[in-house]
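**Q** mind folding the following:
(one chain, ligands or ions: 1)
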Amino acid sequence: MRILLVEDDGMLGEALRDGLRQLGHVVDWVQDGGAARAALSTASFAALVLDLGLPGGDGLGVLRWLRHAGRATAVVVVTARDSLGERIAGLDAGADDYLVKPFDIDELAARLRAVTRRSDRAADTVLAVGEVVLDLRQRMVTRRGAPAGLTAREYAVLELLMRRAGGLVTRAEIEEELYGFDDDIASNAIEVHIHNLRRKLGAQFITNYKGRGYRVEARC
Ligand code: CA
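**A** Take a look at the predicted model:
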């Protein structure tokens, strides 16, 4: 499987990378949170091995960012022996498992096999609410079986709303999903996307909670 390894300790990182490669995995190794986010944004990994003890405590930030984006990538966090609080925070933030340093490479490999089996079974491939079906594999949305003809950004907004169906999604969360730090955001851009989505999917499909955010109502 393809694994992203995030470990700032050079010796440990190198040993883990080489060990996992010897076991037949494809391993990309990065040493800080920024590089981890960049890698996760551009490539698809079956699993993430994440040292929570990154400079600035950014390990947890990477994990929260990943889960916030709705990504189901299997995550094993790695922590120092005396950091019980960190371990709990990691599990709360959506880690699938953890290992305490030092650990054996075979144990890491076994944990990775276990968490990826679980996430394969749990992976959603289709989100459906009412007449609207969003196919995550094909990145395709249909309404009553007919293609809805969404743009890439409309799709991204809708995916976020449908993953959280029944819950409120704030405008800031949508902006974070759509735009990089350096992008200029037109002040009405989100409203335009929502307007188009309501036009294509039915005005009742998305509720506007003025000043708070938007919601797709959960229906069975
Ligand atoms: Ca570290």
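**Q** hmm, residue 81 is touching residue 101, no?
**A** Yes. The pair residue 81 / residue 101 is scored as a contact, 6.4 Å apart, by C-beta atoms under 8 Å. Every residue, glycine included, has its C-beta placed from N, CA and C.
**Q** more crowded one of these two?
**A** Legend: neighbour count by other C-beta atoms under 10 Å for residue 81 and residue 101, higher for residue 101 (14 against 8).
**Q** for that one, give me its contacts.
**A** By C-beta atoms under 8 Å, 6 or more residues apart in numbering, the contact set of residue 101 is 12, 78, 79, 80, 81.
**Q** most neighbours among those residues, please name it.
**A** Counting neighbours by other C-beta under 10 Å, residue 78 leads the contacts of residue 101 with 25 neighbours.
**Q** which residues touch the helix or strand hosting that one?
**A** Per DSSP states H and E: residue 78 is located in strand 74-79. Contact with strand 74-79 is made by 7, 46-53, 59, 63, 66, 86-87, 90-91, 94-101, 103, 108, 111-112, 115-116, 118-119, as judged by C-beta under 8 Å, 6+ apart.
**Q** out of these, which are buried?
**A** With burial judged by 16 or more other C-beta atoms under 10 Å, the buried subset of the contacts of strand 74-79 is 7, 46-53, 59, 63, 66, 86-87, 90, 94-99, 108, 111-112, 115-116, 119.
**Q** and the longest helix for the protein?
**A** Longest helix in the chain, counting residues (DSSP state H): helix 105-122.
**Q** that one versus strand 74-79: what angle between them?
**A** Using axes from the mean of the first three to the mean of the last three C-alpha atoms, to 10 degrees, the direction of helix 105-122 lies 140 degrees away from that of strand 74-79.
**Q** can you tell me the SS state at residue 81?
**A** Each residue gets one of three states, and residue 81 gets coil by DSSP: H, G, I helix; E, B strand; the rest coil.
**Q** got the phi and psi for the closest residue to it other than its chain neighbours?
**A** Spatially, and ignoring its direct neighbours in sequence, residue 81 is nearest to residue 100 (5.4 Å; C-beta to C-beta, 6 or more residues apart in numbering). Residue 100 has phi and psi values of phi -100, psi 130 when expressed as degrees, to the nearest 10.
**Q** measure residue 100 to residue 28 for me?
**A** Separation of residue 100 from residue 28 (C-beta to C-beta, to the nearest Å) stands at 24 Å.
**Q** for residue 126, same thing?
**A** 29 Å.
**Q** the ion contacts on the chain?
**A** Neighbours of the ion within the chain, by C-beta under 5 Å from the ion: 8, 51, 53.
**Q** out of these, which is nearest to the ion?
**A** Nearest to the ion out of the residues of the chain next to the ion is residue 53 (C-beta to the ion; 3.6 Å).
**Q** the closest one contacts residue 82, correct?
**A** No. Contact between residue 53 and residue 82 fails when scored by C-beta under 8 Å: they sit 10.8 Å apart.
**Q** no further questions, thank you.
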